[in-house]
Each structure stands twice: as C-alpha cells, then as structure tokens.
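[1] A predicted structure for the sequence below; I have some questions about it.
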Amino acid sequence: MKTAKPDMIAYSKLRGQYTPAVPIHGHIPGVQVGDEFSGRGELAILGLHTEMMRGIMSFAKHGPAFAICLAGGYVDDSDEGSTFWYTGQGGQEKKKQVRDQSFETADNKALVRNIESSTPVRVFRGKLANKDGRVERKYVYEGLYHVTASKQEESKDGPLVCKFRMEAIPGHSTVTGKVDYKLFGKNPFRVRNLASGPRQGPGRKRSRSVGIKEWTRAELEALIEKRAAEGPNGRLVNPDIAQGKEKLPVPVWNSIDDDDLIIPPGPDGFCPQFQYIADYKFGDESAKTLAVQAENKFAEDCGTECGIQYGGGGDRNFVNYTTDGLLMCTHPCGVMECDPGNDKCEFKQCQANNVVLSGLRHPLEIFKVSQQKRWGVRCAEPLPIGTVVCPYVGLVIHDHVADQLRNQDLYLFDLNHFHQLADAEDEDNLPEVGMNPRMPELPQQYREKHLVIDAHRQGNIGRFINHSCQPNCVVQTVFAGYARSYLLYYIVIVAAEDIPAFTEITYDYGYSRGGGGGGAVSGTQIPVNDSVRINCTCGAPQCSGRLI
C-alpha cells in the first residue's frame, strides 16, 4: 500500500488554519527568502503556493498569478538563476508536450496580467536533498520575481508553448548576487543580497529581527570609562573625538605606542589639526552652487522624494531596510531614503526608511592598528551583515579644486558613480537586473563636472576606515537629506558579512593607476604613473601588495 507523504498528511489536517483568508501577492509574513520546505503540502499550508499539481498559483477573480514552482516538469524551461524563461501551463501528457498552449488558458492569462500590472510572483525552486540515505524533494523560496515578457514558440517536442520571462527583484530574492557590474573603481559592483540573504551557514537562518541593541550615550560613556579603567584596550586617547556631534561617543584607543597624533606631520614638519564633522560641509562656493543646481534638476526629473516610490515603484511590499535598519541589498542606482516629516511619503515603510541621517547606532571606535597602518575602525559589538556602519563625510569641493590636490591628499573621494553609470549606458553595457527605471538620466551639462569629498582634515569616522584587498564591507550610494542628486549623495559603508566584535572594519578603496576609476576611496580618479607607488599593508591572505 502506498503511504501518503508527511507533508500531505500535515496539509490534510492543517488546511486553512495558517493560510491567509485572502490570497496575498508578494512576501508572506514570517517566511524568509531562502527558507526550505519539504514538499508542496508545506507550501500550501502557509498559502505560499496552494496548487498541488500545477506550477502556477492563480485564481481568475484575483487577477495576476501569485506564485510559480520550478520543478523540472517542462523540458522547455530555461533556468539561468536571476533571469529565466518559464513555460506556461497545459498541453502535456506523460511529461511530453502533445498540444499547443494558449495565452487564454487561465494560469497563462494570469501571468500575462502580472506583466500588465507589474505584480511580482513568488518563485519556488525544487531541489533534491539526501537525508539518511534517502533522496527527498525540497522547495526553496527564491523570493519575488517580476514577469517582464511573454512569447509563444515551438517546444522541443513540437507543439507551441507559452513562455514567460522572470527577473529577480534585487533585495527580495536569493539570486540577485549573480549580477556583476564594474562601477566602483577596479572592483565589480554587484547587486548582492545582504540582510535579505538566505541561510548564513548550516542550520542558521536570518530572522526578521536580529535583536540589535539600542545604545544610549550615557550607557556607552559608562562602558568606555569602565574599559579605560580596566585597560584591556590600551590607553584611552580621547573619550569622544566627535565632541558630541554624533548620537554616540566615538572613543580613540591606542595600545601600540605613544604617538597619538591623528594626522602625522607632513614633509615640511607641519602637523595639521583634525576637525570632526558629522555631515557634509561645502569647501568652496562653486561646489555649493553646483550641488544646489543638480539637486533641483534631479528632483524635477525624478518626480519623487519618496524612497519607497523610487525603489519599488509604489509596491507596498518593498523595503530598503529591515526593521532593525539593516540594508536588504546593494543597489547600483542608489538607495533613496525618506526624510522625516515629508508629506509626500504615504507608505507605512517610509517611517523606517531613514537610517543614514539618523546618526551612529553602534559603538564604533577608532584604534591604533599598527605603527605602519596607524588608525583604523572597529566596533565594540558584533555587526550583522547589512549593518549601515557610517557614511564617508568630509568637505565637498569642486573637481577642479580637487585636481590640485591629487597625489598629495589620499582622502579624496570622487562622486562620479553616476557618471560611470552613464558611460556604461552609452556603451550599452548595463545589466538588465538591478537597474532602476525611475532613476533620472545624467544631464549632459553635468557629464564633464562632478563633486569630490575631501576628508583629510575635516571628516567623520568613515575617514579612518582602512582598505583591505579582502574587505568585510561594501560601499552603497544613498540619497538622503539635501544630498539627493547625480552629483551629491552619501557614500555609505555597509557590512558585507557578519563582523565579530573588535574586528577591524575595512572596504576596498579601489585605487587605480592612470585615472581609470579607483582613488582614495572607491570611485575616485587619481592620475598616477609608475613613479608614484603606495604599497598595500592590509595583511589579507590575497593582498595584491600594491594600493597604487
């Protein structure tokens, strides 16, 4: 006698108890991208995909389809990961296509409605897993995909089939990290999952909330005082180099030597003072004028100041950050935040879409790494992947002013990200996945000019974060506050992996030789030649040995 599968037994007993009363498009609350399920019964119990035999979950009266399963049932499926062609329903007998498919079939018609309404579908991929010597079929929730096109073509068996192109939505699927694109300096800029990623190792699943502590200034000041008295981290050089300009104090520790100078003396022996600033300051009037003009033009062309509208096109399931403020994924076209009090923001998610300008949230500190590397940055608590560490802040200057400082100021960061994006578009070299159709085109009048951040003498804690050839952070462009244009935006350093407490925080500066993209930090352009050389001292196992 054939025994019913456990998931089907569970479905027969639990049917309707956990299924939403009305079918839901988008994510189902409580289910994370990357979760695995043992059979179609488990999917049906939770309302993820309620069809036991059909690959498409749809109901005529509800319009667009809700979900699809990729289970190897159609030989004409072409699965490439982040994008794939999905074969429609109908015309099969014994796994062979014997009749033409039609777009008028209910399930196929529902997927056409997904295209027309831009409604995403949940995607589940079947896989075979070995358990106790037995092979079991499992289904992995791959997240949300847009249905972007349809076509009818001859199947491998002969009859016509309907096919639908599926494209992963960055930050809401497990395969967006396959999109590689060289934007920042020499390194590939990738749309990659961060807080939205799948399981982070055996038996571990990232939950909706990771329980990040909300520090108060008084709590952290007490902890710094205690650590200074006990001495495990060396001498406390400064209890707060930020001088109260940040929500939390930023201490400076030295356990290496007696040299506590923040900026070492130059060749002339002069030792400049460092001034901490928590936000941008304009270094010259020409930079301010250019920034204001670009901001007005960007607002006119973009048509929205709402980050949910910009990033998700009004999709009420779209978010940039988790409830803990972790970035879901990187975005080549920038993350737009919602300013508090903006009456143009009408979505519930807007309230949590304000992380960068809300200030430091973690107990970051500056410490003496070594005599050679000098200062670096670490955190007194673990940082989960997707943590917004801090922006890179300094004086905003015009590029013609910065040109006079090349090769002598190693804290220049050219804001030319969208210039590189425009160049790639001109060369028809943009990836299909990850691009935002709501991002305005860079106007021609700004193609030959840009702004630069100079953090040598005035900057924030981001200025102290060192380079590594194998970094634990990535860089993300963010529109927030008055920095909302192709020319002025925030460069934000984000944890690309779980970073243990007291581990140095690093990212790839992306220096280049010959001005091809690189610089003091990713994205700058410093024209250098073989007579200019800076050796890399990051100490990573795969260190290139040379920064320039």
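    That came in fine, so what should we check first? Numbers count the residues shown, from 1 in each chain.
[2] point out where the stretch 151-300 of the chain drops to low pLDDT.
    Within the stretch 151-300 of the chain, the stretches falling below the threshold (pLDDT under 70) are 173-192, 196-211, 266-269.
[3] which parts of it are strands?
    Remark: strands assigned in the stretch 151-300 of the chain by DSSP state E, counting those that start in this stretch are 160-173, 179-182, 188-191, 235-238, 252-254, 275-276, 281-282.
[4] kindly export the first one (C-alpha atoms) in PDB.
    It stands for strand 160-173. The C-alpha coordinates for strand 160-173 follow below in PDB (Å, rounded to 0.1, in the frame of the first residue of the first chain):
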ATOM      1  CA  LEU A 160       3.700  25.600 -29.300                       C
ATOM      2  CA  VAL A 161       4.300  26.600 -25.700                       C
ATOM      3  CA  CYS A 162       3.800  29.900 -23.900                       C
ATOM      4  CA  LYS A 163       6.900  31.200 -22.200                       C
ATOM      5  CA  PHE A 164       7.300  34.000 -19.600                       C
ATOM      6  CA  ARG A 165      10.500  35.800 -18.700                       C
ATOM      7  CA  MET A 166      11.100  36.100 -15.000                       C
ATOM      8  CA  GLU A 167      13.600  38.600 -13.500                       C
ATOM      9  CA  ALA A 168      14.700  38.600  -9.800                       C
ATOM     10  CA  ILE A 169      13.900  41.700  -7.800                       C
ATOM     11  CA  PRO A 170      17.100  42.900  -6.000                       C
ATOM     12  CA  GLY A 171      16.800  42.600  -2.300                       C
ATOM     13  CA  HIS A 172      13.800  40.300  -2.500                       C
ATOM     14  CA  SER A 173      15.400  37.100  -4.000                       C
END
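[5] who does that strand pair up with?
    strand 83-87 (antiparallel), strand 134-154 (antiparallel) (DSSP bridges).
[6] give me the next element, helix or strand, following the first one.
    Where DSSP states H and E defines the elements, the next helix or strand beyond strand 83-87 is strand 92-93.
[7] what's the mean pLDDT across that next one?
    With pLDDT averaged residue by residue, strand 92-93 scores 79.
[8] pretty sure residue 401 is in a helix, no?
    Yes. Counting by DSSP: H, G, I helix; E, B strand; the rest coil, one finds residue 401 located in a helix.
[9] list the contacts of it.
    Taking C-beta atoms under 8 Å, 6 or more residues apart in numbering as the criterion, residue 401 is in contact with 283, 284, 286, 287, 452. To be clear about C-beta, it is placed using only N, CA and C from the backbone, and glycine gets the same treatment.
[10] the fourth one and residue 450 touch, don't they?
    No. Applying C-beta atoms under 8 Å, one finds residue 287 not in contact with residue 450, separated by 10.1 Å.
[11] still on that earlier bit, Serialize the strands paired with strand 160-173 to a markdown table and add fields for distance to residue 243.
    Written out in a markdown table, the entries for the strands paired with strand 160-173 read as follows (distance: least, C-beta to C-beta, whole Å):
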| stretch | distance to residue 243 |
| --- | --- |
| strand 83-87 | 50 |
| strand 134-154 | 44 |
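[12] just those: most buried one?
    Ranked by mean neighbour count, the strands paired with strand 160-173 are led by strand 83-87 with a mean of 21 (mean count of other C-beta atoms under 10 Å).
[13] would you mind writing the CA trace of that one as PDB?
    C-alpha atoms of strand 83-87 as PDB (Å, rounded to 0.1, in the frame of the first residue of the first chain):
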ATOM      1  CA  THR A  83      16.500  35.500 -15.000                       C
ATOM      2  CA  PHE A  84      14.800  32.600 -16.700                       C
ATOM      3  CA  TRP A  85      12.000  31.700 -19.100                       C
ATOM      4  CA  TYR A  86       9.200  29.800 -17.500                       C
ATOM      5  CA  THR A  87       7.000  27.500 -19.600                       C
END
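[14] quick one: average pLDDT of that strand?
    Confidence over strand 83-87 (mean pLDDT, whole number) is 85.
[15] return the distance of it from the chain's centre.
    Strand 83-87 has its average C-alpha position 25 Å from the chain's average C-alpha position, going by C-alpha atoms, centre = their mean, to the nearest Å.
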